[in-house]
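Trainee: With the sequence up front, the predicted model follows.
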Amino acid sequence: MTIVARYREPDIRRSILEIFITAIPFLLLWGAAWAALSVSYWLTLAIAVPAAGMLVRLFLIQHDCGHYAFFKTRQTNDWIGRVIGVFTMTPYEVWRRNHATHHANSGNLDQRGVGDIETWTVREYLSKPKWRRFMYRLYRSPLVMFGIGPSFVFMLQQRLPIGQMKGGLRPWMSAMTTNVAIIALFGVMMWLIGVSEFLMVHLPIVAIASTIGVYLFYVQHQFEDTFWEEAENWSHQDAALYGSSYLDLPKALAWVTANIGVHHIHHLYSRVPYYRLPELIRDYPELRDVRRITLGRSFSLIKLKLWDGDRKRLISFRELGAMAAA
């Protein structure tokens, strides 16, 4: 922890540069996708893919601001995070609170349910009635997890912070002010280029970016030998190093995803700016081998659904069936 903390200091000029080299390409690609409407909608959809990548990168800048890692002052982090939240359709204070809970409880079987992907144990699954099992299977299906679900969360669910009243009025104020800003921005864009034209460009970008974001979050915690323990045996360091993966991506994808693949180090000390994570891995190469997952291997993790507490690993429904048959 002490070693990792040495890398926490942000470079203000670098942080500002990161915003510019993310926001400007996003706006240019958005404009190119709109211009392509007059040529072919397929071309618009093709351009929407890199535009979505830049939107994911904007979200990850917002993510670092939420950890107070991107700038030196809390106020600067908060305001940059709020502004970016309008583009990512993510109310900053609501998300920051939920994500902090995720970091505080990741891998803790007794503290699941906030800011993470719902994961049942084998015993919990077997104890549920058939309709609850069906709903869980539906939730964990690729169609919902990476198709319908991400768009629902970012476009609709985040508009109302239901269940957040324990935090007072602040989550609702964050959500409502973000919603007003989104309506104003979208309204101006629709007035300038037309309602259907705006939706034809923006909705695919948000949908693709949402799916990319959820997929990244999934593979960062949902792998065979991840870490789950009851509260009495849980520790932050074990959960960070063994319950978070190192998604070793090609350099171009690592840049687009703001090094979020170095997730075990991020969970160990979240105040390290994302642009300093490669520096840390370079200086301590032994960290590369901790829960390392390649992009190719990550696709095989989609089948994992349940935590087997006896074998201390995630398993698929097929494996559960084989266990029951045996």
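Mentor: That came through, no problem. Residues are numbered from 1 along each chain as shown.
Trainee: residues near residue 192, how many?
Mentor: By other Cβ atoms under 10 Å, 10 other residues sit near residue 192. In short, each C-beta sits where N, CA and C put it, glycine included.
Trainee: Leaving aside the residues adjacent along the chain, what's closest to residue 254?
Mentor: residue 261 (6.1 Å; Cβ to Cβ, 6 or more residues apart in numbering).
Trainee: With residue 287 instead?
Mentor: What sits nearest to residue 287 in space, not counting adjacent residues and going by Cβ to Cβ, 6+ apart, is residue 281, at 5.8 Å.
Trainee: Quick one: low-confidence residue ranges for the stretch 151-300 of the chain.
Mentor: In the predicted model of the stretch 151-300 of the chain, residues 164-167 satisfy pLDDT under 70.
Trainee: Strands of that one, start to end?
Mentor: 246-248, 292-294 (DSSP state E, counting those that start in this stretch).
Trainee: out of the ones you listed, which comes closest to residue 277?
Mentor: The minimum distance between residue 277 and these falls on strand 246-248, with 10.1 Å, by Cβ to Cβ.
Trainee: can you list contacts of stretch 122-141?
Mentor: 118, 120, 144-145, 149, 305-310, 315, 317, 320 (Cβ atoms under 8 Å, 6 or more residues apart in numbering).
Trainee: And these, which is closest to residue 265?
Mentor: residue 307 (23.6 Å).
Trainee: residues contacting the closest one?
Mentor: Counting by Cβ under 8 Å, 6+ apart, residue 307 has contacts 109, 119-122, 228, 313-315.
Trainee: Please indicate which of these has the highest neighbour count?
Mentor: For these, the largest neighbour count, defined by other Cβ under 10 Å, is 23 neighbours, found at residue 228.
Trainee: Correct me if wrong: it contacts residue 109.
Mentor: Yes. Between residue 228 and residue 109 a contact is recorded at 5.3 Å, counting by Cβ atoms under 8 Å.
Trainee: Identify the contacts common to these two.
Mentor: In contact with both residue 228 and residue 109: 121, 307, 309, using Cβ under 8 Å, 6+ apart.
Trainee: okay, who's weakest in the residues you listed by pLDDT?
Mentor: pLDDT is lowest at residue 309 among those; the value there is 91.
Trainee: from what I can see residue 51 touches residue 29, true?
Mentor: Yes. With contact defined as Cβ under 8 Å, residue 51 reaches residue 29; the gap is 3.8 Å.
Trainee: who has more neighbours, those two?
Mentor: The neighbour count for residue 51 versus residue 29, taken as other Cβ under 10 Å, is higher for residue 51 (27 against 20).
Trainee: okay, that one: pLDDT?
Mentor: 98.
Trainee: what's the spacing between it and residue 91?
Mentor: Going from residue 51 to residue 91 by Cβ to Cβ, to the nearest Å gives 22 Å.
Trainee: now residue 147
Mentor: Using Cβ to Cβ, residue 147 is found at 23 Å from residue 91.
Trainee: How about residue 58?
Mentor: As judged by Cβ to Cβ, residue 58 and residue 91 stand 15 Å apart.
Trainee: neighbour count winner among those two?
Mentor: residue 91 (28 against 22).
Trainee: Let me know the pLDDT of that one.
Mentor: The model's pLDDT for residue 91 equals 95.
Trainee: who are the neighbours in contact with it?
Mentor: 85, 158, 161, 171, 174-175, 177-179.
Trainee: likewise residue 181?
Mentor: Going by Cβ under 8 Å, 6+ apart, residue 181 touches residue 86.
Trainee: where exactly do the helices run in the stretch 51-200 of the chain?
Mentor: For the stretch 51-200 of the chain, the helices defined by DSSP state H, counting those that start in this stretch cover 74-88, 92-105, 122-127, 130-139, 142-143, 149-151, 170-193, 195-221.
Trainee: so can I have TSV of these showing distance to residue 33?
Mentor: Listed next are those as TSV, based on distance: least, Cβ to Cβ, whole Å:
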stretch	distance to residue 33
helix 74-88	15
helix 92-105	26
helix 122-127	42
helix 130-139	32
helix 142-143	26
helix 149-151	17
helix 170-193	11
helix 195-221	5
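Trainee: quick one, which of the ones you listed is nearest to residue 237?
Mentor: Nearest to residue 237, of all the helices of the stretch 51-200 of the chain, is helix 92-105, at 12.7 Å by Cβ to Cβ.
Trainee: Show me what the closest one is packed against.
Mentor: helix 41-66, helix 74-88, helix 170-193 (3 or more Cβ pairs under 8 Å, 6 or more residues apart in numbering; DSSP states H and E).
Trainee: could those helices be laid out in a markdown table, adding distance to residue 270?
Mentor: A markdown table is the format used below for the helices and strands packed on helix 92-105 (distance: least, Cβ to Cβ, whole Å):
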| stretch | distance to residue 270 |
| --- | --- |
| helix 41-66 | 9 |
| helix 74-88 | 12 |
| helix 170-193 | 20 |
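Trainee: Among those helices, pick out the one with the most neighbours on average.
Mentor: Highest mean neighbour count among the helices and strands packed on helix 92-105 (mean count of other Cβ atoms under 10 Å): helix 41-66, with a mean of 21.
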